[in-house]
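Asks: coordinates only, no sequence provided:
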């Protein structure tokens, strides 16, 4: 990795200063981020987003519930900093929620948190921060920033690998990273609650939630049934040979790699391996059929600019909780890339993000659109791609 200088906004080698807006959620991470910045001498402003929720379910949402709003307000009072609420309900509904539903309608498994980061937090909220003449926007994400020898900003994994959130931040560009602060990147989660106690923040014992914020603590399938029942059309379940095994309850109800809840009885376990949207068919197969070694990634954001036109080796991570896997990345036209893994990888899921790393440096990432085995022919020139990947190494 190239030489770099840390600059995370707290105990950093390159100390920033001035006014900073902190995106608050009412949880312990963003609250401690605000507290650390106050201690470091920044002029801190707390800001919370009011997001969309289903009518009558506002109290159940993970974000911006009345309780969370009150908690964030108390944190700001404790730290003696201003507190503002930004209403983004309508734009959140149009971009994030509608995109979530549209993704399932197309047969993919969308990641709405990526779109929220891209369009809401690091666009609308950053614009609001700049309107307040703040120099930076800080969040409670576990990630680090550095400057490379060429002056470009680098997005690095957090010190706490188990909590690292650089995966969901891969959409940021250089101008956004220039305004970003991640105070928790140098800390481990195990110490954050203790820091909250030391700072006198009453949120130190608030529980964490892994649910999507607008699902109101519910399963996404129930959300779709309430809000987009038209996309849940029943159809056939078949194996890879085309043999009919049963009937599904709508393709959106299933994810790649799913085993339970298929509603069919067989001697050996079967898993969802693909969705045939054209024929409204769910395809299932054996465990060994889940593995793929090649995928196409589109809409790629290269954090440090697009790479050269030849292939290079990197680690590719196909979901937030997945272990990064060694792969050969072949850049293609229109911000696309072909990815050839060194080994078969399970559960490559269209709609999820693939994020690329060089050691601890996040290079960028995009959206998985298709996956296959390198021995197969298929769309997007994959047959030719595998030949390139086999013969071209950076």
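Replies: Noted; the coordinates are in hand. The structure displayed is predicted, hence computed values, not measured ones. Numbers count the residues shown, from 1 in each chain.

Asks: so how far is residue 286 from the residue in the chain sticking out farthest from the centre?
Replies: In the chain, counting by Cα atoms, centre = their mean, residue 267 sits farthest out from the average C-alpha position, at 36.8 Å. If you measure residue 267 against residue 286 using Cβ to Cβ, to the nearest Å, the figure is 11 Å. Just so you know, the C-beta spots here come from the backbone N, C-alpha and C atoms, and that holds for glycine as well.

Asks: report the secondary structure state of the residue farthest from the centre of the chain.
Replies: Secondary structure of residue 267, reduced to three states by DSSP: H, G, I helix; E, B strand; the rest coil: coil.

Asks: got it, and residue 274?
Replies: Under the three-state scheme (three-state DSSP), the conformation of residue 274 reads as strand.

Asks: what is the neighbour count of it?
Replies: Close neighbours of residue 274, defined as other Cβ atoms under 10 Å, add up to 20.

Asks: that one and residue 258 touch, don't they?
Replies: No - with contacts defined as Cβ atoms under 8 Å, residue 274 does not count as touching residue 258, sitting 11.7 Å away.

Asks: nearest spatial neighbour of residue 309, skipping sequence neighbours?
Replies: If you skip the residues right next to it in sequence, residue 309 has residue 331 as its closest partner in space, 6.0 Å away by Cβ to Cβ, 6 or more residues apart in numbering.

Asks: confirm that neighbour sits in a strand?
Replies: Yes - with the criterion set as three-state DSSP, the secondary structure at residue 331 is a strand.

Asks: how much space separates it from residue 224?
Replies: In this view, residue 331 and residue 224 are 35 Å apart by Cβ to Cβ.

Asks: please say which of the two ends up with more neighbours.
Replies: The residue with more neighbours, out of residue 331 and residue 224, is residue 224; 20 against 17, by other Cβ under 10 Å.

Asks: which of the three states applies to residue 348?
Replies: Following three-state DSSP, we place residue 348 in the coil state.

Asks: next one: the one 3 residues further on
Replies: Assigned with three-state DSSP, residue 351 falls in the coil class.

Asks: so how far is residue 31 from it?
Replies: According to Cβ to Cβ, residue 351 and residue 31 sit 32 Å apart.

Asks: of these two, which one has the most company?
Replies: Here residue 351 and residue 31 are set side by side on neighbour count (other Cβ under 10 Å), and the busier one is residue 31, at 31 against 17.

Asks: so the more buried one is in which element?
Replies: Taking DSSP states H and E as the criterion, residue 31 maps to helix 28-39.

Asks: who touches the next helix or strand along the chain from that helix?
Replies: Next in sequence after helix 28-39, counting helices and strands by DSSP H and E, comes strand 43-50. Contacts made with strand 43-50 from outside it, assessed by Cβ atoms under 8 Å, 6 or more residues apart in numbering, are listed as 18-26, 34, 37-38, 63-64, 68-69, 72, 75-76, 79, 81-89, 92, 120-121, 125, 128-129, 132, 134.

Asks: 6 Å - rerun?
Replies: By Cβ atoms under 6 Å, 6 or more residues apart in numbering, the residues outside strand 43-50 that reach it are 19-22, 24, 34, 37-38, 64, 72, 76, 81-89.

Asks: now, which of those lie within strands?
Replies: When the contacts of strand 43-50 are checked against strands (DSSP state E), the matches are 19-22, 24, 83-87.

Asks: among the residues you listed, name the buried ones.
Replies: With burial judged by 16 or more other Cβ atoms under 10 Å, the buried subset of those is 20-22, 24, 83, 86.

Asks: which among those residues gets closest to residue 324?
Replies: For residue 324, the closest of these turns out to be residue 22, at 29.5 Å, with distances computed as Cβ to Cβ.

Asks: wait, that closest one sits on residue 34?
Replies: Yes - with contacts defined as Cβ atoms under 6 Å, residue 22 counts as touching residue 34 at a distance of 4.3 Å.
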